[in-house]
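Undergrad: Predicted model and sequence below, questions to follow.
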Protein chains: 2
Amino acid sequence: MPEPSRQQLRRQQTVEHIIRHAVDVMARDGVAALSLSEVARRMGIRSPSLYKYFPSKLSVYDELFRSGSAQLLSTFRDAAAAAEPGLAALAAGFEATGRFMMDNPVLAQLLQWRPVPGFEPSAEAFAPNQEFLGEIRRVVLDAVDRHQLRAEAASERGLIVLSILISGVLSQQLANDPKSGFDEGRYTSATGDVLAMFERTYAADGGPQ
Amino acid sequence: MPEPSRQQLRRQQTVEHIIRHAVDVMARDGVAALSLSEVARRMGIRSPSLYKYFPSKLSVYDELFRSGSAQLLSTFRDAAAAAEPGLAALAAGFEATGRFMMDNPVLAQLLQWRPVPGFEPSAEAFAPNQEFLGEIRRVVLDAVDRHQLRAEAASERGLIVLSILISGVLSQQLANDPKSGFDEGRYTSATGDVLAMFERTYAADGGPQ
DNA sequence: GTCTATAGCCTGATAGAC
DNA sequence: GTCTATCAGGCTATAGAC
């Protein structure tokens, strides 16, 4: 594979520019209210030029979904990898995910809710998201291996419960108290309690303590 | 207070018609994509006529928010009242709320998320929602009085955790599996587990079992 | 309370010159 | 890859006749 030419690099930068401005517009007007005209206006170009980079408005959402999922995945991965494997890694990943979402509310809404009529992520854009679920399962399995949680915690039902907890914290925070940061948020600050509830419910029977 | 005249009744019916058609449009095109022109088209009238009933598009959202919150409140109240006071009432209210939301996904999105740029419910529209929170607190306090839960369960933190659980179940179900009903839903069917987790965490120390 | 007519915007997307 | 010009339509909201 040849390395990317200068032209391709330049093009890639423009694509990132477009996405960045699109996020700004969504932050101001709502995720569903993205206007390509407004993006072009902010970039100081004419709207037809955007169509050299994206074939349609929905494809802009798709690229944002893809890159956002990928960022989220590596955020979780890095945080979990930096902690002791098992419960500590789960807690670290959980918290890092929450912080990332609160720092990127537009992305959070796009990934968690389905706010854009007619937009369904393509299989390619959805791939990092699938991988994210696998990553969580892996971390929970680590905790099971270390006798911190029962095997049940890594069952489909256990992981669904875990996803409900993350989603609940973030949904409530974004909808009812969107201006607070992660640490001050009425809901995000309950992250520890909620995770502790999960850990206690699925604690290994004869584990330490 | 005089009872409403026939004219006022007729007017009220038209208002309800408008709301009903607005919900249909939102169900098809997305909550944020409501178009009054489309509502008028479906009603077989011209769009200017709508302005005799609502001063603006946002006021349509406000009325929907108000009436939806009121319905949700009475749904919870009725279900809780029909059950044994305490934990059973909490579970019944929890489930009835979930069913109502899944039967009314447009309403669920409007009440739980904030999908409409520029729309904030008026104080009047928000009132039933506040009352709903009070109702939940009351039911949890009943459970505390009956020594089923610790007093902590009715603390602000306890109620926040409870709201996270409800919101998490519904958010995940609406976003990822919106076509299933309450009973088959991958997430709503975990309602019992999630509530059990709460009950166990806040169980009265020396309570029965 | 309904209508026609319209103001005054906005949008996404395309054709084709340079 | 940028532009001008434009299509073809959408929308909210208002004025004013009936």
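TA: Arrived safely, thanks for sending.
Undergrad: Sort out which residues of stretch A:77-86 are buried, please.
TA: Going by neighbour count (16 or more other C-beta atoms under 10 Å in any protein chain shown), the buried part of stretch A:77-86 is A:77, A:79-80, A:83, A:85-86. For the C-beta atoms, the positions are set from N, CA and C on the backbone; glycine is no exception.
Undergrad: now swap in stretch A:121-140 and tell me
TA: For stretch A:121-140, the neighbour count (16+ other C-beta under 10 Å) marks A:121, A:125, A:128-129, A:132, A:135-137, A:139-140 as buried.
Undergrad: next one: stretch A:67-79
TA: So, applying 16+ other C-beta under 10 Å, buried residues of stretch A:67-79: A:67-70, A:72-73, A:75-77, A:79.
Undergrad: Okay, and which of those residues map to strands?
TA: Residues of the buried residues of stretch A:67-79 located in strands (DSSP state E): none.
Undergrad: thinking again about what came up before, out of the buried residues of stretch A:121-140, which are close to DNA strand D?
TA: Within the set of the buried residues of stretch A:121-140, contact with DNA strand D (C-beta under 7 Å from any atom of the strand) is found for no member.
Undergrad: okay, whichever residue of chain A sits closest to chain B: pLDDT?
TA: The nearest approach of chain A to chain B comes at residue A:168, 2.4 Å away (C-beta to the nearest C-beta). Listed pLDDT for residue A:168 reads 98.
Undergrad: and if you look at residue A:2?
TA: With respect to pLDDT, residue A:2 has a value of 66.
Undergrad: among the buried residues of stretch A:67-79, which two are most distant?
TA: Taking C-beta to C-beta, the two most distant members of the buried residues of stretch A:67-79 are A:67 and A:79; they sit 18.8 Å apart.
Undergrad: so which strand or helix has residue A:101?
TA: In this structure, residue A:101 sits in helix A:87-103 according to DSSP states H and E.
Undergrad: center of chain A - which residue?
TA: Closest residue to the average C-alpha location of chain A: residue A:72 at 4.2 Å, with C-alpha atoms, centre = their mean.
Undergrad: how about it, what does it touch?
TA: Shown in contact with residue A:72 (C-beta atoms under 8 Å, 6 or more residues apart in numbering or on different chains): A:97, A:100-101, A:107, A:111, A:128, A:132.
Undergrad: Dump those residues to a markdown table, plus pLDDT.
TA: Listed next are the contacts of residue A:72 as a markdown table, based on pLDDT from 0 to 100:
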| residue | pLDDT |
| --- | --- |
| A:97 | 98 |
| A:100 | 98 |
| A:101 | 98 |
| A:107 | 97 |
| A:111 | 95 |
| A:128 | 95 |
| A:132 | 96 |
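Undergrad: now, among the residues you listed, which is nearest to DNA strand C?
TA: Using C-beta to the nearest atom of the strand, residue A:107 comes nearest to DNA strand C of the contacts of residue A:72, at 18.9 Å.
Undergrad: State the number of residues packed around that closest one.
TA: 21 (other C-beta atoms under 10 Å in any protein chain shown).
Undergrad: Verify the stated contact: it with residue A:70.
TA: No: between residue A:107 and residue A:70 there is no contact under C-beta atoms under 8 Å: 11.0 Å.
Undergrad: remind me, longest helix of chain A?
TA: helix A:57-82 (DSSP state H).
Undergrad: How far away from the center of its chain is it?
TA: Put simply, helix A:57-82 sits 6 Å off its chain's centre (C-alpha atoms, centre = their mean, to the nearest Å).
Undergrad: same check, this time on stretch A:51-62
TA: Its chain's C-alpha centre and that of stretch A:51-62 lie 21 Å apart, by C-alpha atoms, centre = their mean.
Undergrad: List the contacts of it.
TA: Residues outside stretch A:51-62 that contact it (C-beta under 8 Å, 6+ apart) are A:11, A:14-15, A:18-19, A:22, A:34, A:36, A:63, A:110, A:116, A:118-119, A:121-122, A:125.
Undergrad: now do stretch A:119-131
TA: With C-beta under 8 Å, 6+ apart, stretch A:119-131 has contacts from A:58, A:61-63, A:65-66, A:69-70, A:72-73, A:111.
Undergrad: Could you do stretch A:80-98 as well?
TA: Stretch A:80-98 is contacted from outside by A:72, A:75-79, A:135-136, A:139-140, A:142-143, A:145-146, A:148-149, A:166, A:169-170, A:182, A:188, A:191-192, A:195, A:199, using C-beta under 8 Å, 6+ apart.
Undergrad: Let's see it as PDB, backbone CA atoms only.
TA: C-alpha atoms of stretch A:80-98 as PDB (Å, rounded to 0.1, in the frame of the first residue of the first chain):
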ATOM      1  CA  ALA A  80      -9.200   0.100  31.500                       C
ATOM      2  CA  ALA A  81      -5.700  -0.800  30.400                       C
ATOM      3  CA  ALA A  82      -4.200   1.700  32.800                       C
ATOM      4  CA  ALA A  83      -6.000   0.200  35.800                       C
ATOM      5  CA  GLU A  84      -5.700  -3.100  37.600                       C
ATOM      6  CA  PRO A  85      -7.500  -5.700  35.600                       C
ATOM      7  CA  GLY A  86     -10.900  -6.700  36.900                       C
ATOM      8  CA  LEU A  87     -13.300  -4.500  38.900                       C
ATOM      9  CA  ALA A  88     -10.900  -1.500  39.000                       C
ATOM     10  CA  ALA A  89     -10.600  -1.600  35.200                       C
ATOM     11  CA  LEU A  90     -14.300  -1.700  34.800                       C
ATOM     12  CA  ALA A  91     -14.800   1.300  37.100                       C
ATOM     13  CA  ALA A  92     -12.000   3.200  35.300                       C
ATOM     14  CA  GLY A  93     -13.500   2.500  31.900                       C
ATOM     15  CA  PHE A  94     -17.000   3.400  33.100                       C
ATOM     16  CA  GLU A  95     -15.800   6.700  34.400                       C
ATOM     17  CA  ALA A  96     -13.700   7.500  31.400                       C
ATOM     18  CA  THR A  97     -16.700   6.800  29.200                       C
ATOM     19  CA  GLY A  98     -18.900   9.100  31.200                       C
END
